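A.B. asks: My questions concern the predicted model and sequence given below.
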Amino acid sequence: MSELKRIQSVISLGLLLVLEDEPFIALNLEGMLKEFGATSVVFVDTRADALLWLEVNVPDIAIVDPMVNDGVCTDVVDMLAAARVPFVVYSGASAVPRYASKNTS
C-alpha cells in the first residue's frame, strides 16, 4: 500500500474551511486536501467572510492564514477554538507582525 493510500485510510478530512487570500496557495491547498480525502473544501479570502460563514457552519477542520487582506485572523481562530474545531495556522510569510518575536536583535 502506498504511503498516500495508507494516510487516506486513517484520515477522514470531511468539511474543511480554508481562510487564504492568495489564489495560487488556495488552489494548491484544494488539490492536496481533496487528494487526502476532503469531502468538501470551502474557501474564503477575508476575515469577515470567514466569520459570517462560521456563524452558520462548523467545519471538521480549518486552515487559517493568520494575516489576510482585512487583518489579523485572531477573531476567526477564537471562534474556531470556541467551537472546538481543530485548525492549522498556515502562512507563507516569514513572520506575522502580531505574533513576531519581540527580540529584534
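C.D. replies: Alright, I've got the coordinates.
A.B. asks: Okay, strands next: where are they in the protein?
C.D. replies: Remark: strands assigned in the chain by DSSP state E are 14-19, 38-44, 61-64, 67-68, 71-72, 87-89.
A.B. asks: now these in CSV, with mean neighbour count and distance to residue 50?
C.D. replies: Where C-beta positions appear, they are placed from N, C-alpha and C, glycine not excepted. Output for the strands of the chain, formatted as CSV (neighbours: other C-beta atoms under 10 Å; distance: least, C-beta to C-beta, whole Å):
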stretch, mean neighbour count, distance to residue 50
strand 14-19, 21, 5
strand 38-44, 17, 5
strand 61-64, 22, 8
strand 67-68, 20, 8
strand 71-72, 14, 11
strand 87-89, 14, 11
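A.B. asks: centroid residue for the protein?
C.D. replies: residue 63 (1.1 Å; C-alpha atoms, centre = their mean).
A.B. asks: ok, now how distant is that one from residue 20?
C.D. replies: Distance, residue 63 to residue 20, using C-beta to C-beta, to the nearest Å: 7 Å.
A.B. asks: Find the residues that touch each one of the two.
C.D. replies: Contact with both residue 63 and residue 20 is made by residues 29, 90, according to C-beta atoms under 8 Å, 6 or more residues apart in numbering.
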